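Q: quick one: sequence and predicted model below, then my questions.
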Amino acid sequence: MESGMISVDKWSYGSQAYFLTHLHADHTAGLSSTWNRGPLFCSRLTAKLFPCKFPSFNLFLLRVLDIGSWFSLSFTSPSSGSPTTIYVKAIDAQHCPGSVMYLFRGDFGCMLFTGDFRWEVTGSGVENRRAMLLDALKNETLDTLHLDNTYCNPKYSFPSREVAAREVVDIISSHPKHDVVIAIDSLGKEDLLLHISRELDIKIWVWPERLQIMHLLGFHEHFTTQTSLTRVRAVPRYSFSIETLEALNTIRPTIGIMPSGLPWATEQNGNPFSSSEYIFVVPYSDHSCFSEIQEFIELLRPIKIKGIVSSSSCCIDPCYYFDHLCGTQQAIWRIQAKIENDEGVDTSVEAAEIKSSAAKETKEEEESSTVVGRKRRRILDQVDFFGIRVSRVSLLRRLCRGGVRLADTE
DNA sequence: GCGATCAGAT
DNA sequence: CACATCTGATCGC
């Protein structure tokens, strides 16, 4: 987790800098308004929301990392005591407002902390996000992926949030005389509420603290704290239960909507909601489903994966399902594929060939023997490797030998 | 009496 | 299975 210098979503002593992925309570456990253990890095939006959670926090400790830009930070190596530099880039995590992943490069290699994230593979901006991520990695192996493995099991399958949001609107539309309560947390699922508000042209009630958050996010026009103005209310998830819904229904007809990736609706027992006629569970999730996690890992080809959600069993252990996508060879194949892609070669056709690296090198030698091939190579043969320009061939050979940097550093 | 931490409920 | 959050009990100062 830490290299002795940095901590991500961990707040105990012993780090020179601390990184917060997003403002949900399970990632801020240990933080308080009196916390003062070092500089705290976060996204600009998280910094804006921060005082709501920690009103008297010393804001001089906050450091904003703008999304998509590299920052260099100077540290003291805990082992040698000598100065060292770490590079960090924040990447949109698509989980809740302000949420980011952190990509680190340093003496320890290359590490990505996803925090909580959703990696939807349909909808607008998908290609752009994919390209941004690969570009951030450059032509380096990803040594360790710290992964949001919340739903890392094939049994977790759900649609995009866009599809789930339409399902929610359909449920509300088909109950025109009912009041509606929707379970949400202190942050997140704003897009769902905005979709409902726009599609049905209604305001949505939220509790006062939540309206303050909506104000900071710039969404306040769609929300109100006056119950008389709307039949749709967003309520804290912990206050949402069968008992609540039954009590509400003694006053007026009310349905409840629980947006969640957890497959409660299909469970037989132990599920308080499946037996309720009032409650609709809709698969709207701010975490990646299994197939999205798989896409993410296939894209990154990390050498090693660590799940950020610990589990007593292997049921959500990423190594159990994706070990075959990890390791040094897999990491090298990704880099080769990217280099080919940057050269304009159709990698989809070559995907199978790439897996035979020996044959690949031979083919490249042939290709470079043409006049055009030689010219192109002179420019593209140089690749950026841990900040050093090295020749592509030498890089690939070093990687194939299992070069120094590829050894596990943790 | 306050803050931190944890079990339990929702 | 396990989300994010609140409440209440307990511990140490």
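A: Cool, the structure landed.
Q: close to DNA strand C, is the helix or strand A:A47 falls within?
A: A:A47 is located in helix A:44-53, with elements delineated by DSSP states H and E. No: using C-beta under 7 Å from any atom of the strand, helix A:44-53 never reaches DNA strand C; the gap is at least 8.8 Å. All C-beta atoms are positioned from the backbone trio N, CA, C, and that covers glycine.
Q: for the stretch 101-250 of chain A, which residues are neighbours of DNA strand B?
A: Taking C-beta under 7 Å from any atom of the strand as the contact definition, the stretch 101-250 of chain A meets DNA strand B at A:237-241, A:244.
Q: tell me what the host helix or strand of A:I297 is packed against?
A: Taking DSSP H and E as the definition, one finds A:I297 inside helix A:290-300. The contact analysis (3 or more C-beta pairs under 8 Å, 6 or more residues apart in numbering; DSSP states H and E) places helix A:290-300 against helix A:126-137, strand A:144-147, helix A:318-322.
Q: quick one: mean pLDDT over that helix.
A: The average pLDDT for helix A:290-300 rounds to 95.
Q: export that helix as PDB, just CAs?
A: Output of helix A:290-300 as PDB, limited to C-alpha atoms (Å, rounded to 0.1, in the frame of the first residue of the first chain):
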ATOM      1  CA  PHE A 290     -17.300  -7.900 -13.200                       C
ATOM      2  CA  SER A 291     -17.200  -7.500 -17.000                       C
ATOM      3  CA  GLU A 292     -16.000  -3.900 -16.700                       C
ATOM      4  CA  ILE A 293     -13.300  -4.900 -14.200                       C
ATOM      5  CA  GLN A 294     -12.200  -7.500 -16.800                       C
ATOM      6  CA  GLU A 295     -12.100  -4.900 -19.600                       C
ATOM      7  CA  PHE A 296     -10.000  -2.600 -17.300                       C
ATOM      8  CA  ILE A 297      -7.500  -5.300 -16.500                       C
ATOM      9  CA  GLU A 298      -7.200  -6.400 -20.100                       C
ATOM     10  CA  LEU A 299      -6.500  -2.900 -21.000                       C
ATOM     11  CA  LEU A 300      -3.800  -2.300 -18.300                       C
END
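Q: how far does stretch A:306-320 sit from its chain's centre?
A: In terms of C-alpha atoms, centre = their mean, to the nearest Å, the centre of stretch A:306-320 is found 17 Å from the chain centre.
Q: ah, wrong one, I meant stretch A:98-117
A: 10 Å.
Q: in the stretch 101-250 of chain A, which residue sits closest to DNA strand B?
A: A:S241 (3.3 Å; C-beta to the nearest atom of the strand).
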